[in-house]
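1. dropping the sequence and predicted coords here.
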Amino acid sequence: MPKESREEFSLRKFVPKEEQRKTFAKVFDKGTIEAVHSLSTKGHFDVLEHVVSTGKEAHVFRARDQAGNSRAVKIYKIKASDFNRMQRYLEGDIRFKQVRKNKQDIVFAWTKKEFKNLLLMNKAGIRCPMPIAFQKNVLVMEFIADAKGNAAPQLKEAKPRDLKKAYETIVGFLARLLYNAGLVYADFSEYNILNKDEELVLIDAGQAVLTTHPESEAFFERDVRNVARYFSKQGLEKSPGEMKGDNKAEKGKI
Ligand SMILES: Nc1ncnc2c1ncn2[C@@H]1O[C@H](COP(=O)(O)OP(=O)(O)O)[C@@H](O)[C@H]1O
Ligand SMILES: [Mg+2]
(Lines give C-alpha, C1' and ligand atoms only; values in the text may rest on other atoms or scores of the structure.)
(Ligands and ions follow the chains in the order given, each with its own letter.)
Protein backbone atom coordinates (compact mmCIF):
# COMPACT_ATOMS: atom_id res chain seq x y z
CA MET A 1 0.00 0.00 0.00
CA PRO A 2 1.42 3.45 -0.84
CA LYS A 3 2.48 5.48 2.14
CA GLU A 4 -0.11 8.02 3.20
CA SER A 5 0.97 11.62 2.59
CA ARG A 6 0.85 14.24 5.32
CA GLU A 7 -2.10 15.96 3.63
CA GLU A 8 -4.05 12.71 3.41
CA PHE A 9 -3.39 12.12 7.07
CA SER A 10 -4.58 15.65 7.96
CA LEU A 11 -7.65 15.35 5.77
CA ARG A 12 -8.74 12.14 7.45
CA LYS A 13 -9.33 14.09 10.65
CA PHE A 14 -11.92 16.51 9.28
CA VAL A 15 -13.26 14.79 6.14
CA PRO A 16 -14.21 11.27 7.31
CA LYS A 17 -15.72 10.03 4.02
CA GLU A 18 -13.17 8.77 1.52
CA GLU A 19 -15.00 10.01 -1.59
CA GLN A 20 -15.27 13.54 -0.20
CA ARG A 21 -11.64 13.41 0.85
CA LYS A 22 -10.54 12.75 -2.72
CA THR A 23 -12.51 15.73 -4.03
CA PHE A 24 -11.23 17.97 -1.25
CA ALA A 25 -7.63 17.01 -1.98
CA LYS A 26 -8.13 17.83 -5.66
CA VAL A 27 -9.77 21.21 -5.06
CA PHE A 28 -7.56 22.63 -2.32
CA ASP A 29 -3.84 23.26 -2.13
CA LYS A 30 -1.55 22.01 0.62
CA GLY A 31 -1.56 25.29 2.58
CA THR A 32 -5.36 25.37 2.67
CA ILE A 33 -5.55 21.76 3.87
CA GLU A 34 -3.05 22.61 6.63
CA ALA A 35 -5.05 25.67 7.70
CA VAL A 36 -8.33 23.70 7.84
CA HIS A 37 -6.60 20.93 9.75
CA SER A 38 -5.07 23.36 12.22
CA LEU A 39 -8.41 25.10 12.90
CA SER A 40 -10.02 21.73 13.43
CA THR A 41 -7.22 20.56 15.76
CA LYS A 42 -7.73 23.71 17.82
CA GLY A 43 -11.33 22.65 18.35
CA HIS A 44 -13.10 25.31 16.26
CA PHE A 45 -14.94 22.53 14.48
CA ASP A 46 -14.67 18.78 14.28
CA VAL A 47 -15.73 17.59 10.82
CA LEU A 48 -16.81 19.20 7.56
CA GLU A 49 -20.26 17.85 6.72
CA HIS A 50 -21.11 19.12 3.27
CA VAL A 51 -20.71 21.97 0.83
CA VAL A 52 -23.27 24.73 1.21
CA SER A 53 -22.08 26.97 -1.60
CA THR A 54 -19.36 27.08 -4.23
CA GLY A 55 -19.11 30.65 -5.36
CA LYS A 56 -16.68 32.42 -7.64
CA GLU A 57 -14.27 33.25 -4.84
CA ALA A 58 -15.09 30.93 -1.96
CA HIS A 59 -16.46 27.57 -0.90
CA VAL A 60 -18.70 27.46 2.16
CA PHE A 61 -19.09 24.23 4.15
CA ARG A 62 -21.36 23.28 6.99
CA ALA A 63 -19.29 21.85 9.81
CA ARG A 64 -19.99 20.62 13.30
CA ASP A 65 -17.99 21.02 16.49
CA GLN A 66 -17.62 18.39 19.20
CA ALA A 67 -20.45 19.86 21.24
CA GLY A 68 -22.74 19.45 18.21
CA ASN A 69 -22.95 23.13 17.19
CA SER A 70 -23.12 23.88 13.48
CA ARG A 71 -20.35 26.01 12.03
CA ALA A 72 -19.81 27.63 8.66
CA VAL A 73 -16.32 27.20 7.23
CA LYS A 74 -15.62 29.61 4.39
CA ILE A 75 -12.57 28.80 2.30
CA TYR A 76 -11.38 31.48 -0.11
CA LYS A 77 -9.94 30.20 -3.36
CA ILE A 78 -6.49 31.60 -3.87
CA LYS A 79 -6.11 31.27 -7.63
CA ALA A 80 -9.64 32.23 -8.66
CA SER A 81 -9.99 35.36 -6.57
CA ASP A 82 -10.23 38.78 -8.16
CA PHE A 83 -7.11 40.39 -6.70
CA ASN A 84 -7.52 43.75 -8.35
CA ARG A 85 -10.96 44.16 -6.84
CA MET A 86 -9.72 42.96 -3.45
CA GLN A 87 -6.78 45.40 -3.52
CA ARG A 88 -9.15 48.31 -4.12
CA TYR A 89 -11.02 47.55 -0.88
CA LEU A 90 -7.86 46.71 1.09
CA GLU A 91 -5.51 49.55 0.18
CA GLY A 92 -7.83 52.41 1.13
CA ASP A 93 -8.60 50.82 4.50
CA ILE A 94 -6.07 51.97 7.11
CA ARG A 95 -6.28 48.59 8.84
CA PHE A 96 -4.94 46.86 5.72
CA LYS A 97 -3.02 49.45 3.78
CA GLN A 98 0.41 47.77 3.94
CA VAL A 99 1.77 46.66 0.60
CA ARG A 100 1.24 43.03 -0.41
CA LYS A 101 3.29 41.48 -3.13
CA ASN A 102 1.47 38.30 -3.99
CA LYS A 103 -2.01 36.99 -4.57
CA GLN A 104 -1.88 34.68 -1.61
CA ASP A 105 -1.19 37.52 0.83
CA ILE A 106 -4.08 39.51 -0.65
CA VAL A 107 -6.50 36.61 -0.07
CA PHE A 108 -5.16 36.07 3.47
CA ALA A 109 -5.65 39.78 4.24
CA TRP A 110 -9.17 39.60 2.81
CA THR A 111 -10.03 36.65 5.07
CA LYS A 112 -8.73 38.53 8.10
CA LYS A 113 -10.70 41.59 6.99
CA GLU A 114 -13.92 39.60 6.85
CA PHE A 115 -13.24 38.25 10.36
CA LYS A 116 -12.58 41.75 11.75
CA ASN A 117 -15.58 43.25 9.98
CA LEU A 118 -17.90 40.57 11.37
CA LEU A 119 -16.57 41.27 14.87
CA LEU A 120 -17.20 45.01 14.48
CA MET A 121 -20.64 44.35 13.04
CA ASN A 122 -21.57 42.06 15.92
CA LYS A 123 -20.43 44.68 18.41
CA ALA A 124 -22.47 47.32 16.60
CA GLY A 125 -25.66 45.28 17.10
CA ILE A 126 -26.04 44.01 13.55
CA ARG A 127 -27.39 40.48 13.10
CA CYS A 128 -24.59 38.67 11.29
CA PRO A 129 -22.65 35.41 11.82
CA MET A 130 -20.46 35.51 14.93
CA PRO A 131 -16.88 35.01 13.70
CA ILE A 132 -15.02 32.27 15.56
CA ALA A 133 -11.53 31.94 14.11
CA PHE A 134 -9.50 32.38 10.93
CA GLN A 135 -6.24 31.13 9.52
CA LYS A 136 -4.73 31.97 6.14
CA ASN A 137 -7.69 31.77 3.68
CA VAL A 138 -10.08 29.91 6.01
CA LEU A 139 -12.74 31.53 8.20
CA VAL A 140 -14.86 29.72 10.80
CA MET A 141 -18.10 31.36 11.92
CA GLU A 142 -21.56 30.75 13.30
CA PHE A 143 -23.75 28.77 10.90
CA ILE A 144 -26.99 30.54 10.02
CA ALA A 145 -29.55 27.77 9.84
CA ASP A 146 -33.25 27.59 9.08
CA ALA A 147 -35.63 25.62 11.29
CA LYS A 148 -34.50 22.35 9.68
CA GLY A 149 -30.80 22.99 10.24
CA ASN A 150 -30.03 23.78 6.60
CA ALA A 151 -28.37 27.01 5.56
CA ALA A 152 -30.96 29.79 5.69
CA PRO A 153 -31.95 30.91 2.16
CA GLN A 154 -30.82 34.17 0.61
CA LEU A 155 -33.29 37.05 0.51
CA LYS A 156 -33.19 36.58 -3.28
CA GLU A 157 -34.95 33.20 -2.90
CA ALA A 158 -36.95 33.84 0.25
CA LYS A 159 -38.86 37.10 -0.02
CA PRO A 160 -39.67 38.54 3.42
CA ARG A 161 -43.27 38.14 4.49
CA ASP A 162 -43.37 41.66 5.93
CA LEU A 163 -41.64 43.98 3.43
CA LYS A 164 -41.94 47.10 5.57
CA LYS A 165 -40.35 45.37 8.55
CA ALA A 166 -37.55 44.00 6.34
CA TYR A 167 -36.91 47.50 5.00
CA GLU A 168 -36.69 48.88 8.54
CA THR A 169 -34.29 46.12 9.55
CA ILE A 170 -32.00 46.83 6.61
CA VAL A 171 -32.08 50.59 7.18
CA GLY A 172 -31.14 49.72 10.78
CA PHE A 173 -28.20 47.62 9.49
CA LEU A 174 -27.00 50.51 7.33
CA ALA A 175 -27.27 52.98 10.21
CA ARG A 176 -25.53 50.71 12.72
CA LEU A 177 -22.77 50.02 10.23
CA LEU A 178 -22.17 53.70 9.65
CA TYR A 179 -22.78 55.24 13.06
CA ASN A 180 -21.83 52.41 15.45
CA ALA A 181 -19.17 50.45 13.56
CA GLY A 182 -17.72 53.19 11.34
CA LEU A 183 -18.07 50.84 8.38
CA VAL A 184 -19.57 50.90 4.91
CA TYR A 185 -20.69 47.43 3.87
CA ALA A 186 -20.09 48.05 0.14
CA ASP A 187 -21.92 45.04 -1.34
CA PHE A 188 -25.56 45.24 -0.26
CA SER A 189 -27.76 42.90 -2.27
CA GLU A 190 -30.45 40.27 -1.87
CA TYR A 191 -27.66 37.66 -2.22
CA ASN A 192 -25.79 38.72 0.92
CA ILE A 193 -28.71 38.78 3.32
CA LEU A 194 -30.07 35.47 4.61
CA ASN A 195 -33.70 35.07 5.63
CA LYS A 196 -33.57 32.87 8.74
CA ASP A 197 -37.25 32.17 9.30
CA GLU A 198 -38.04 35.90 8.83
CA GLU A 199 -35.02 37.10 10.77
CA LEU A 200 -32.62 38.88 8.40
CA VAL A 201 -28.92 38.14 8.74
CA LEU A 202 -26.18 40.08 6.95
CA ILE A 203 -23.32 37.87 5.70
CA ASP A 204 -20.25 38.13 3.41
CA ALA A 205 -18.41 41.08 4.94
CA GLY A 206 -14.93 40.82 3.38
CA GLN A 207 -15.37 43.95 1.30
CA ALA A 208 -16.71 46.25 4.05
CA VAL A 209 -14.40 49.24 4.58
CA LEU A 210 -13.84 51.84 7.28
CA THR A 211 -15.61 55.14 6.61
CA THR A 212 -12.15 56.73 6.16
CA HIS A 213 -11.66 54.73 2.93
CA PRO A 214 -11.42 57.26 0.05
CA GLU A 215 -14.24 55.52 -1.81
CA SER A 216 -16.50 54.91 1.18
CA GLU A 217 -19.03 57.57 0.18
CA ALA A 218 -19.39 56.14 -3.32
CA PHE A 219 -19.76 52.62 -1.83
CA PHE A 220 -22.42 53.89 0.55
CA GLU A 221 -24.37 55.58 -2.24
CA ARG A 222 -24.24 52.32 -4.23
CA ASP A 223 -25.51 50.32 -1.23
CA VAL A 224 -28.42 52.73 -0.78
CA ARG A 225 -29.30 52.54 -4.48
CA ASN A 226 -29.21 48.72 -4.44
CA VAL A 227 -31.39 48.42 -1.36
CA ALA A 228 -33.89 51.01 -2.66
CA ARG A 229 -34.02 49.19 -6.01
CA TYR A 230 -34.63 45.83 -4.32
CA PHE A 231 -37.56 47.12 -2.25
CA SER A 232 -39.07 49.04 -5.16
CA LYS A 233 -38.97 45.85 -7.23
CA GLN A 234 -40.78 44.00 -4.46
CA GLY A 235 -43.52 46.63 -4.38
CA LEU A 236 -42.34 48.91 -1.56
CA GLU A 237 -41.46 52.06 -3.53
CA LYS A 238 -38.35 53.72 -2.10
CA SER A 239 -36.10 56.28 -3.71
CA PRO A 240 -32.43 56.42 -2.70
CA GLY A 241 -33.02 59.92 -1.34
CA GLU A 242 -35.89 58.77 0.86
CA MET A 243 -33.82 55.88 2.09
CA LYS A 244 -30.94 58.15 3.04
CA GLY A 245 -33.38 60.24 5.05
CA ASP A 246 -34.68 57.12 6.82
CA ASN A 247 -31.10 56.11 7.52
CA LYS A 248 -30.28 59.48 9.14
CA ALA A 249 -33.48 59.35 11.18
CA GLU A 250 -32.36 55.97 12.49
CA LYS A 251 -29.24 57.56 13.99
CA GLY A 252 -31.17 58.94 16.94
CA LYS A 253 -32.70 55.54 17.71
CA ILE A 254 -29.58 53.36 17.88
N1 LIG B 1 -22.50 31.78 8.15
C2 LIG B 1 -23.22 31.14 7.23
N3 LIG B 1 -24.23 30.32 7.59
C4 LIG B 1 -24.96 29.66 6.65
N5 LIG B 1 -24.75 29.78 5.33
C6 LIG B 1 -23.75 30.59 4.92
C7 LIG B 1 -22.94 31.31 5.84
N8 LIG B 1 -22.04 32.03 5.13
C9 LIG B 1 -22.28 31.77 3.84
N10 LIG B 1 -23.31 30.90 3.70
C11 LIG B 1 -23.87 30.36 2.44
O12 LIG B 1 -22.90 30.44 1.42
C13 LIG B 1 -23.30 31.38 0.41
C14 LIG B 1 -22.11 32.18 -0.07
O15 LIG B 1 -21.55 32.89 1.01
P16 LIG B 1 -20.95 34.34 0.86
O17 LIG B 1 -20.33 34.69 2.18
O18 LIG B 1 -21.97 35.28 0.33
O19 LIG B 1 -19.77 34.10 -0.17
P20 LIG B 1 -19.54 34.52 -1.71
O21 LIG B 1 -20.65 35.42 -2.14
O22 LIG B 1 -18.22 35.21 -1.65
O23 LIG B 1 -19.50 33.22 -2.42
C24 LIG B 1 -24.40 32.20 1.07
O25 LIG B 1 -25.31 32.71 0.15
C26 LIG B 1 -25.05 31.18 1.97
O27 LIG B 1 -25.90 30.34 1.22
MG1 LIG C 1 -21.98 36.67 -1.25
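-> Structure received. Ligands and ions are numbered 1, 2, ... in the order given.
2. may I ask which helix or strand encompasses the residue in the chain that ligand 2 sits nearest to?
-> Taking C-beta to the ion, ligand 2 has its nearest neighbour within the chain at residue 204, 3.7 Å off. All C-beta spots, glycine's among them, are computed from the backbone N, C-alpha and C. Under the criterion DSSP states H and E, no helix or strand holds residue 204.
3. do you know the pLDDT at the spatially closest residue to it that is not a sequence neighbour?
-> Excluding its sequence neighbours, the residue lying closest to residue 204 (C-beta to C-beta, 6 or more residues apart in numbering) is residue 192, at 4.4 Å. Residue 192 carries a pLDDT value of 98.
4. so what's residue 192 up against?
-> Each residue near residue 192 by C-beta atoms under 8 Å, 6 or more residues apart in numbering is listed here: 154, 202, 203, 204.
5. go on, residue 180?
-> Counting by C-beta under 8 Å, 6+ apart, residue 180 has contacts 123, 124, 125, 254.
6. still on that earlier bit, could you dump the contacts of residue 192 to TSV with distance to residue 75?
-> Converted to TSV, those look like this (distance: C-beta to C-beta, whole Å):
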residue	distance to residue 75
154	19
202	20
203	15
204	14
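7. in a markdown table: the residues you listed, plus neighbour count and pLDDT.
-> Output for those, formatted as a markdown table (neighbours: other C-beta atoms under 10 Å; pLDDT from 0 to 100):
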| residue | neighbour count | pLDDT |
| --- | --- | --- |
| 154 | 16 | 98 |
| 202 | 24 | 98 |
| 203 | 21 | 98 |
| 204 | 23 | 98 |
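8. tell me the two of those residues that are most distant?
-> 154 and 202 (11.5 Å; C-beta to C-beta).
9. what residues are shared contacts of these two?
-> By C-beta under 8 Å, 6+ apart, the residues touching both residue 154 and residue 202 are 192, 193.
10. list the contacts for the residue of the chain closest to ligand 2?
-> The contact partners of residue 204, taken as C-beta under 8 Å, 6+ apart, are 114, 187, 191, 192.
11. quick check: the farthest pair among those residues?
-> Maximum pairwise distance among the contacts of residue 204 (C-beta to C-beta): 15.6 Å, between 114 and 191.
12. of these two, who's got more company?
-> Using other C-beta atoms under 10 Å as the criterion, residue 114 and residue 191 rank with residue 114 on top: 24 against 14.
13. quick one: residue 91 and residue 97 touch, right?
-> Yes: using C-beta atoms under 8 Å, residue 91 is in contact with residue 97, at 5.7 Å.
14. per-residue confidence at the residue lying closest to residue 135 once chain neighbours are set aside?
-> Nearest in space to residue 135, with sequence neighbours left out and distances taken as C-beta to C-beta, 6+ apart, is residue 35 at 4.4 Å. pLDDT for residue 35: 97.
15. what's the answer for residue 231, then?
-> At residue 231, the model reports a pLDDT of 97.
16. with the one 5 residues further on instead?
-> In the predicted model, residue 236 carries a pLDDT score of 97.
17. what about it, how many neighbours?
-> 14.
18. I'd assumed residue 163 was in contact with it.
-> Yes: Residue 236 is within contact range of residue 163, at 4.6 Å (criterion: C-beta under 8 Å).
19. stretch 16-28 - what's its average pLDDT?
-> For stretch 16-28, mean pLDDT is 88.
20. let me see the domain layout of this structure.
-> The chain breaks down into these domains under automatic domain parsing: 6-142, 163-251.
21. just the buried residues of the helix or strand harbouring residue 74, please?
-> Using DSSP H and E, residue 74 sits within strand 70-76. If you call a residue buried by 16 or more other C-beta atoms under 10 Å, then strand 70-76 has these buried ones: 70, 71, 72, 73, 74, 75, 76.
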